[in-house]
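Colleague: predicted coordinates and the sequence they were generated for:
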Amino acid sequence: MRLALLAFAVLTVPASAAPQKCAHITGGVVDNVIVADPALALPGVDCSNANAQVGWTFNGTTYTVVTPPIVYQTTGLTFQQFVNLFTVAEYNAVMLAEPTDAAIGTFITKYAGAQFNLSDPAIVSAINYLVSKSLISAARAAIILAGRIP
């Protein structure tokens, strides 16, 4: 008798779709990617785009890829990380000018082992000095001070 009941219960359970990758959405933004059965998905779960990623927006019908802004390191840079902000040509120009330019030599000597904060007035002044000496352009100075590696 028990066997017959079990067999009946198994036969009466409705078949559902195979679990698949679905997006959990809160406030129109994918906040998690889960595996769910689309037929049994709860409100706030959408299985229409298996490629959806956390951070994408969803308006009820369409997903929009949201690319996070790139944030560059501007504090706590080592001397090597600071040097890497310059192109090879810029670095070579500065190094060629260093023996005959006391300000450049002093800067290199003073900051060789330091941690760099690109908003430090002394660093900004040094970069602007390189612009005044035509060793780098004003546009490149802005890029360097933003922490962008060429």
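Modeller: Here it is on my side, so go on.
Colleague: tell me the domain ranges of the protein?
Modeller: Taking automatic domain parsing as the reference, the chain has its domains at 2-64, 79-145.
Colleague: hey, which of those is tucked in deepest?
Modeller: For the domains of the chain, the largest average neighbour count (mean count of other Cβ atoms under 10 Å) is found in domain 79-145, namely a mean of 15. No exception for glycine: its C-beta is placed from N, CA and C like everyone else's.
Colleague: now it: mean pLDDT?
Modeller: Across domain 79-145, the average pLDDT comes to 94.
Colleague: now the domains of the chain in JSON lines, with distance to I70?
Modeller: Putting those into JSON lines (distance: least, Cβ to Cβ, whole Å) gives the following:
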{"stretch": "domain 2-64", "distance to I70": "14"}
{"stretch": "domain 79-145", "distance to I70": "13"}
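Colleague: among the ones you listed, which comes closest to Y72?
Modeller: When the domains of the chain are compared by Cβ to Cβ, domain 79-145 sits nearest Y72, at 8.9 Å.
Colleague: which residue is nearest the middle of the protein?
Modeller: Nearest residue to the geometric centre of the chain (Cα atoms, centre = their mean): I70, 4.6 Å.
Colleague: ok, which stretches of this structure are helices?
Modeller: Ranges of helices within the chain are 2-12, 79-83, 88-97, 102-111, 121-132, 138-145, based on DSSP state H.
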